[in-house]
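Asker: mind folding the following:
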Amino acid sequence: MTERAVYQVTAALDSAERPASARRPRLLRDAHAGALVEAFVVIGILTILVTRAYLYATGFPQIGGATLHIAHALWGGLGMVAALVVVFSFLGDLPRIVAVVAGGIGFGLFLDEVGKFVTQTNDYFFQPAVAIMYVVIVALLLLNRWLNDARPPTTAEALVNAASTAADGLIHGLTEPRRAEAQRQLRRAAAAGVDPTAIACVEELLSRCEPRSVGRADTVLARLRGPLPRVLDGTRALWTAAIALALFSTAGVVNAVVTLSDDLAGDTGTDITTIGQMCGSIIAFTLCWTAIANLRSGKTWPVRMLRAAALVTILLTEVFNFVAEEFGALINVGVGLTALVVFSRHILLLERGAQSVAQVNDDPREPVPSAQAT
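Answerer: Numbers count the residues shown, from 1 in each chain. Modelled structure (predicted):
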């Protein structure tokens, strides 16, 4: 980007969307940060599962001989450091992807040994360790969603993200989706009154970017995005997810009650894990069956209740399930996450339909005057 273009963009940021007395924004969000963090977390989860499977299959070997033990948490730290060095040292999208992969693998290797860091005996097999991993991952995903969804992108963020895309495209070229995204960001900034000269500078940079073909990974994702929404948006998917979640919550209530009764009958008492499982399952059970009884009404609130049940299952019940069952609770998490996606998409569709009806009611068409006979 030329010095003149940088000056124009900086001047536009200084005047965009705030009065003259306001300070220049210090923190601007990356438009792709949410997807990058989610990819980082997914790679970390896969690393934990692969590591545990490998160690179990090989008999939990140790590296370091008789006196030393080189824990794989050290390799995890090395991976995260390598990710930081790559991001600090290089520009563009490719280094960020490399950092996400290296950092995700490092994060998974480090988190896998959390049991050693919370016990005095350095117990790798500490049973609640899996629940701790789950809580950390969920907290990271919630923080990521809050950072990206708490408020819509500002005009300053729209302008800077478009300029960043243009700068990277000058060297590596731009795919059509990335170019279209940058142009949408510029239109948003222009509609908010950003300096037209700065927008023209970024548009000029975009026009100089060579076209680049879509990568193989993007092609696969585009093919999946076509049929997948049609499957998830159907009525059959909604009822399947609702019934599956209701059955899982019912089974959770029954299992918790049986466990609690056995503990009390054996005079051994019960623990917080069973009580937590029972409370979460009862809440999800009540929400699910109440929503199912009213699901045919076509209203939004039953689907919202189903989504609340899925969130209770993921954020509350599964924490205690991981304490009791460790990795055996992954099936329940998969059911909860799939149901959450289905319910969220249906809520979005219902809200869009309601908005369309409201717009029609607010803007009625003028009656067509009847033709007068001559």
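
Asker: list the residues that contact the residue nearest to residue 49 when sequence neighbours are not counted.
Answerer: Using Cβ to Cβ, 6 or more residues apart in numbering and skipping the chain neighbours, the partner closest in space to residue 49 is residue 327 (7.6 Å). Glycine gets a C-beta too; all of them are placed from N, C-alpha and C. Contact analysis of residue 327 by Cβ atoms under 8 Å, 6 or more residues apart in numbering lists 49, 52, 130.

Asker: can you flag the buried ones in the residues you listed?
Answerer: Buried by 16 or more other Cβ atoms under 10 Å: residue 130, out of those.

Asker: distance to residue 190, secondary structure and pLDDT added to the contacts of residue 327, as a markdown table?
Answerer: As requested, those are exported to a markdown table (distance: Cβ to Cβ, whole Å; DSSP: H, G, I helix; E, B strand; the rest coil; pLDDT from 0 to 100):
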| residue | distance to residue 190 | secondary structure | pLDDT |
| --- | --- | --- | --- |
| 49 | 46 | helix | 91 |
| 52 | 51 | helix | 90 |
| 130 | 50 | helix | 89 |
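
Asker: how about the contacts of residue 327 in CSV, adding distance to residue 331?
Answerer: Converted to CSV, these look like this (distance: Cβ to Cβ, whole Å):
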residue, distance to residue 331
49, 13
52, 16
130, 14
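
Asker: ok, the contacts of residue 327 vs residue 186, which is closest?
Answerer: Distances from residue 186 to the contacts of residue 327, taken as Cβ to Cβ, are shortest for residue 49 (41.9 Å).

Asker: and the closest one, how far is that from residue 139?
Answerer: 19 Å (Cβ to Cβ, to the nearest Å).

Asker: next: residue 189.
Answerer: Look at residue 189 and residue 139: by Cβ to Cβ, they are 33 Å apart.

Asker: between the two, which is the more surrounded one?
Answerer: residue 189 (30 against 11; other Cβ atoms under 10 Å).

Asker: and the helix or strand containing the more buried one, what does it pack against?
Answerer: Assigned by DSSP states H and E, residue 189 belongs to helix 176-191. With contacts taken as 3 or more Cβ pairs under 8 Å, 6 or more residues apart in numbering; DSSP states H and E, helix 176-191 sits against helix 155-172, helix 196-207.

Asker: and the ones you listed, which is most packed in?
Answerer: Compared across the helices and strands packed on helix 176-191, helix 155-172 shows the largest average neighbour count, a mean of 21 (mean count of other Cβ atoms under 10 Å).

Asker: so it versus helix 176-191, what angle?
Answerer: 150 degrees (axes from the mean of the first three to the mean of the last three Cα atoms, to 10 degrees).

Asker: run the chain-centre distance for helix 155-172.
Answerer: 23 Å (Cα atoms, centre = their mean, to the nearest Å).

Asker: how many residues are close by residue 90?
Answerer: 12.

Asker: where does pLDDT dip in the stretch 1-150 of the chain?
Answerer: Applying pLDDT under 70 to the stretch 1-150 of the chain picks out residues 1-25, 64-66.
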